[in-house]
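Just the structure for this:
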Amino acid sequence: MIYVTYGLYVVWVLRGACIVTIPLTDTNLARELSLLRPWSWTYGAHLLKRVIADISRSRPSWFPPYPCLTMIGFSMSDEKNQVRQSAKSFRDQLLVDPDWADQAAHIFFDSISIPIGAVVSAYFPIGKEIDTLPIVKELWTRNIDVCLPVMLPDNLELKFSKWESETGLLPASFGILEPAEKEWVEPDVLIVPLLAFDQRGCRMGYGKGHYDATIAALRAKKNLITVGLAYAEQAVLLALPTEPHDQKLDFVITPQRFFDFRS
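Sure thing, here's the model as predicted:
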């Protein structure tokens, strides 16, 4: 157990994961607050009255701006893998409310302005990923073109194939469903799965780098809108470890609210 002072704040750390941040009235006073699990998740409608910070723009005035911790003796790759494993384990244990996907869909359409003629890329959920189908069905109702990502051998960048209600889907790499018949398109809005996100809009993915490479390539040639879809419990207090190739998200949507990270 170590702790890092941050101005008049103290961050307690266990194996690289933030336990809690508390304001100090005396810089020599540091109290550990007990936590039932080893990973501190900082936002959620049920957490608003806890001492853990709201990561939104309206976060409490006592919350320090974007603290970040690097684990001593770990490489960046090791550190990211530690965080990734903890985040996935935590997400996989969540008790998912069946209404959360619909709630996130309502917030998506209330918050995201989809350009006329735009193509929206969704993802077909695996494991405990939040379901995109309520969003996709509404996009189809509004006659907005939808596509799914396709992984190609020896290519880090994803390609995208049109997805309509009658499109047949087949399992491909990692068991992820993709259109059986390919009709290649290029998305203008990218809905992205994630394991965790921080207050800067940084995303922790599965570590393969497909989305980071794809987002970078698309941003180089168009005004791409990137939207992370997550549970509120996937927000983290400390800044996630990042590397130069990691791409920040424009927005993140949870079943409870909308986060704008563009500025």
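
There's contact between His210 and Lys159 in this structure, I believe.
No. Using CB atoms under 8 Å as the test, His210 is too far from Lys159 to be in contact (10.5 Å). In short, each C-beta sits where N, CA and C put it, glycine included.

any residues in contact with both of those two?
Pro149 (CB atoms under 8 Å, 6 or more residues apart in numbering).

if you go through the stretch 51-200 of the chain in chain order, where are the helices?
For the stretch 51-200 of the chain, applying DSSP state H, counting those that start in this stretch gives helices covering 76-92, 100-111, 133-141.

To Ala235, which of those lies closest?
With CB to CB as the criterion, Ala235 lies closest to helix 76-92 of the helices of the stretch 51-200 of the chain, at 10.6 Å.

Give me the distance between the two termini of stretch 256-263.
End-to-end distance for stretch 256-263, by CA to CA, to the nearest Å: 21 Å.

Correction: the previous question concerned stretch 235-253.
End-to-end distance for stretch 235-253, by CA to CA: 11 Å.

With stretch 217-229 instead?
Stretch 217-229 end-to-end distance (CA to CA) = 21 Å.

So for it, mean pLDDT?
Computed over stretch 217-229, the mean pLDDT rounds to 97.

hmm, who's touching it?
104, 108, 112, 129-130, 132, 135, 157, 186-194, 197, 201, 203, 215, 247, 249-253.

Try it again at 7 Å.
Outside stretch 217-229, the residues within contact range by CB atoms under 7 Å, 6 or more residues apart in numbering are 104, 112, 130, 132, 157, 188-194, 197, 203, 215, 249-253.

Over to stretch 150-167?
So stretch 150-167 is contacted by 121, 140, 145-149, 172-173, 178-179, 182-187, 209-210, 213-214, 217 (CB under 7 Å, 6+ apart).

Now Cys202. Nearest residue, chain neighbours left out?
Among residues not flanking Cys202 along the chain, Leu240 sits closest, at 4.8 Å (CB to CB, 6 or more residues apart in numbering).

my guess is that neighbour contacts Arg200, does it?
No. With contact defined as CB atoms under 7 Å, Leu240 does not reach Arg200; the gap is 8.1 Å.

Compare the two (neighbour count), which wins?
For the pair Leu240 and Arg200, the greater number of neighbours falls to Leu240 (21 against 16), based on other CB atoms under 10 Å.

In contact with the more buried one, which residues?
Contact analysis of Leu240 by CB under 7 Å, 6+ apart lists 83, 196, 198, 202, 204.

could I get the residues you listed as JSON lines with distance to Ser89?
Shown next, in JSON lines, are these (distance: CB to CB, whole Å):
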{"residue": "Val83", "distance to Ser89": "11"}
{"residue": "Ala196", "distance to Ser89": "11"}
{"residue": "Asp198", "distance to Ser89": "18"}
{"residue": "Cys202", "distance to Ser89": "20"}
{"residue": "Met204", "distance to Ser89": "13"}
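
Just those: which are in strands?
Using DSSP state E, the subset of those located in strands is 196, 204.

from the contacts of Leu240, which is closest to Phe258?
Using CB to CB, Asp198 comes nearest to Phe258 of these, at 16.1 Å.
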